[in-house]
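Participant: sequence unknown, structure follows:
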Ligand SMILES: NC(=O)c1ccc[n+]([C@@H]2O[C@H](COP(=O)([O-])OP(=O)(O)OC[C@H]3O[C@@H](n4cnc5c(N)ncnc54)[C@H](O)[C@@H]3O)[C@@H](O)[C@H]2O)c1
């Protein structure tokens, strides 16, 4: 064996802890816990973003939701209050794991300087930034031969440039503070297949770019200990998909029939994969695209 071979150092978990006769530093479930960590999630005002934000907070992280509205709506405030009340009762019960807080910050992911500044402010206030979920995105439909230039550019700007600016914003703080952070780009199954009968050339192109962006960033940032992965959901029932489903009778049944589970997914069904990627259970996972599509691509 070459002397340059790097032997991985083993943290005191699992079999190594058992053989050393010590209690492990982390058990299987605690590897999903995020106490004291700080997260930034874009598009965190509703839908998949808000669901992921609450999951990260329930796991103990302080979570900053960046989105377009100047102030959050009543639903978002209700979820924020829920996280605070959960934390209060967990503290009262003396629980070791206490939910983190949810904060809202207004911003547009296409504004690179603004997104960088927001991440810097969060890192200064909290003293760290461990997790970034670049989730903001839009979906539009238009015939491929007629797609108006301005609309195409706008979608690419939000879905692709916005994902890069968010990853940069967090990555710069992780590098500055020497934090082995986790950056998660929300792509889509549409980045590696084409949705049957949907005229989504801009969206599909943007999500393919996001998958490749995660792969490319992971190769540059691995040396700094920063991991970058993408998550590719299938059809999930949110405002984004409701906009299409409500205008097309039978589309719900059609999309449901396209995966072996025979239904659309729910935003909460993405909690597990994001918690896993954000935390210490996935420290050797980078440059991957994790598909969560009810088996859509298995057919
Ligand atoms: N719903 C699905 O079936 C599905 C499937 C695969 C991937 N996705 C992806 O998941 C992500 C979230 O989708 P969703 O279904 O929750 O959609 P959604 O429309 O409910 O939420 C998207 C959020 O992004 C925000 N946003 C849009 N443009 C922004 C900008 N310029 N700056 C900041 N925030 C902005 C919106 O205000 C909104 O709160 C998107 O990237 C989407 O492409 C969704």
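Facilitator: Alright, I've got the coordinates. Just so it is clear, the model here is predicted, and its values are computed rather than measured.

Participant: what helix or strand is residue 105 located in?
Facilitator: Using DSSP states H and E, the element containing residue 105 is strand 102-106.

Participant: helices or strands up against that strand?
Facilitator: helix 47-58, strand 62-67, helix 74-92 (3 or more C-beta pairs under 8 Å, 6 or more residues apart in numbering; DSSP states H and E). For the C-beta atoms, the positions are set from N, CA and C on the backbone; glycine is no exception.

Participant: for the second one, which helices and strands make contact with it?
Facilitator: Using 3+ C-beta pairs under 8 Å, 6+ apart as the contact definition, the elements that strand 62-67 packs against are strand 38-42, helix 47-58, strand 102-106, helix 112-126.

Participant: mean neighbour count, those: which tops it?
Facilitator: Comparing the helices and strands packed on strand 62-67 by mean neighbour count (mean count of other C-beta atoms under 10 Å), strand 38-42 comes out on top with a mean of 29.

Participant: leaving out chain neighbours, which residue sits closest to residue 227?
Facilitator: Nearest-residue entry for residue 227: residue 286, 4.0 Å, with adjacent residues in sequence omitted and distances by C-beta to C-beta, 6 or more residues apart in numbering.

Participant: burial count for that neighbour?
Facilitator: 21 (other C-beta atoms under 10 Å).

Participant: so it makes contact with residue 228?
Facilitator: Yes: look at residue 286 against residue 228 with C-beta atoms under 8 Å: they come within range, at 6.0 Å.

Participant: on that earlier part again, can you tell me the strand partners of the strand holding residue 105 and which way each runs?
Facilitator: In the sheet, strand 102-106 lines up against strand 62-67 (parallel) (DSSP bridges).

Participant: who's in contact with the strand it pairs with?
Facilitator: Strand 62-67 has contacts (C-beta atoms under 8 Å, 6 or more residues apart in numbering) with 37-46, 49-50, 53-54, 56-57, 72, 76, 100-107, 109, 115, 118, 122, 126, 136, 166.

Participant: same for the ligand: which of those residues are within range?
Facilitator: 42-43, 45-46, 49, 109, 136 (C-beta under 6 Å from any ligand atom).

Participant: buried ones only from those, please, as a PyMOL command.
Facilitator: This is how PyMOL selects the buried members of these, with burial counted by 16 or more other C-beta atoms under 10 Å:
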select buried, resi 42+43+45+46+49+109+136
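
Participant: widest-spaced pair of the ones next to the ligand among the contacts of strand 62-67?
Facilitator: The most widely separated members of these, counting by C-beta to C-beta, are 46 and 109 (14.9 Å).

Participant: ok, is stretch 273-286 in contact with the ligand or not?
Facilitator: No: shown here: stretch 273-286 not in contact with the ligand (C-beta under 6 Å from any ligand atom), separated by at least 11.2 Å.
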